[in-house]
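> Let me see the structure of the following:
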Amino acid sequence: MSIAEIQQAEGRGTPALGRFLRKRSVLGRFFRKRSGVAGLAMLVVPLVAGLCAPLLVRIEGQDPSTLHTDLLNPDGGRPLGAFGGVSADHWLGVVPVTGVDLFAQIVYGIRSSLFIAFGASILSIAFAAVLGTATGYFGGWLNAVAGRVIDFMFGFPGLMFVIAIMAIVPPEMPRGLVLVLVLAFFGWTVPARIIGAQAGAINARAFVEAARATGAPPWQIIRREMLPHLFGLVVVLFAMSLPGNVSVVAGLSFLGVGLRGDVPDLGKLLSDSLPWIYSGADVWYMLFPGAVVFLIVFGATLAGDALRDVLDVRTEDAA
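Here you go, the predicted model:
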């Protein structure tokens, strides 16, 4: 059998990614999954709200910083009216004590949280894809060294280290960028190990051996033969890492070591709402931002699970 016939039999007659998308009708299969569609809707609604935050706030006629003390009860600072001060002018009410519009705070908080989570997920998965593919192809000492580093990172108390770093970040440094870099630094290990194992299996297949026999350089083999077959796995790992990063960003702000106090943030809103929950004075202050965090995390999880099933990354290379 010739090299071309081997590549054709192993699925290299046309670009793997394009053929895969056409053959499997990924979008059609995804939208036939009710859980995937529901998860995508849960994720898209807050994502669009965050991206369009300036426009939505302008339509509401408010901003995330103006104080509305006239809408507060003089005795204790509780919002006047039902549901935390919900009205035609303040769609989700106002923040206790300050009277800042809660809807504006939430949509700008979504923007901050999602930008950080997306940035961290993109960096971590990109690095994991490069390292995992390289270790799967070259093996040897590179695989051994990468494996020891990953083992060390698994045993390292990453969350505690992140909290410690964010607690000592100087005020003049952009905390959002620091969060992206720190989360990406601790987020690449599991995806790198998964991608490396899959890349090693692909490296042993006949079409890679055939490309190697033609004298093609390693990076050309990786780019043309291996990465297209890893595409589905990389997409799924990105989708699965996103809700975790959103939760960590919200959790750090909840603990007081996230974004600065003047930057709207969902975790900070949840943290500030605790006294009002305990006293029962304004339960809506926590309900609205808490519902948004739930939608983002649960929606991304459902969409990621459905995408994993659609791409079928566990059986793609065995089929």
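> quick one: average confidence on the helix ranked longest in the chain?
Once the chain is assigned using DSSP state H, the helix that runs over the most residues is helix 102-138. The average of the pLDDT scores along helix 102-138 is 94.
> Check which element follows it along the chain.
For helix 102-138, the following helix or strand on the C-terminal side (DSSP states H and E) is helix 140-155.
> helices or strands up against that following helix?
Packing contacts for helix 140-155, counted by 3 or more C-beta pairs under 8 Å, 6 or more residues apart in numbering; DSSP states H and E, involve helix 102-138, helix 189-203. All C-beta atoms are positioned from the backbone trio N, CA, C, and that covers glycine.
> And the ones you listed: which comes nearest residue 70?
Ranking the helices and strands packed on helix 140-155 by their distance to residue 70 (criterion: C-beta to C-beta) puts helix 102-138 first, at 15.8 Å.
> Now do that closest one against helix 189-203, angle only.
40 degrees (axes from the mean of the first three to the mean of the last three C-alpha atoms, to 10 degrees).
> quick one: buried residues of helix 102-138?
Neighbour-count burial for helix 102-138 flags 102-121, 123-125, 127-129, 131-137 (criterion: 16 or more other C-beta atoms under 10 Å).
> okay, the angle between the longest helix of the chain and helix 140-155?
Angle between the axes of helix 102-138 and helix 140-155 is 150 degrees (criterion: the same axes, to 10 degrees).
> Three-state assignment for residue 264, please.
Here residue 264 is coil, with the state taken from DSSP: H, G, I helix; E, B strand; the rest coil.
> how about it, what does it touch?
Counting by C-beta atoms under 8 Å, 6 or more residues apart in numbering, residue 264 touches 64, 104-106, 108-109, 111-112.
> Tell me how far it lies from residue 112.
6 Å (C-beta to C-beta, to the nearest Å).
> Could you do residue 85 as well?
23 Å.
> what does residue 250 give?
10 Å.
> Find residues that contact each of those two.
Residues touching both residue 250 and residue 112 (C-beta under 8 Å, 6+ apart) are residue 265.
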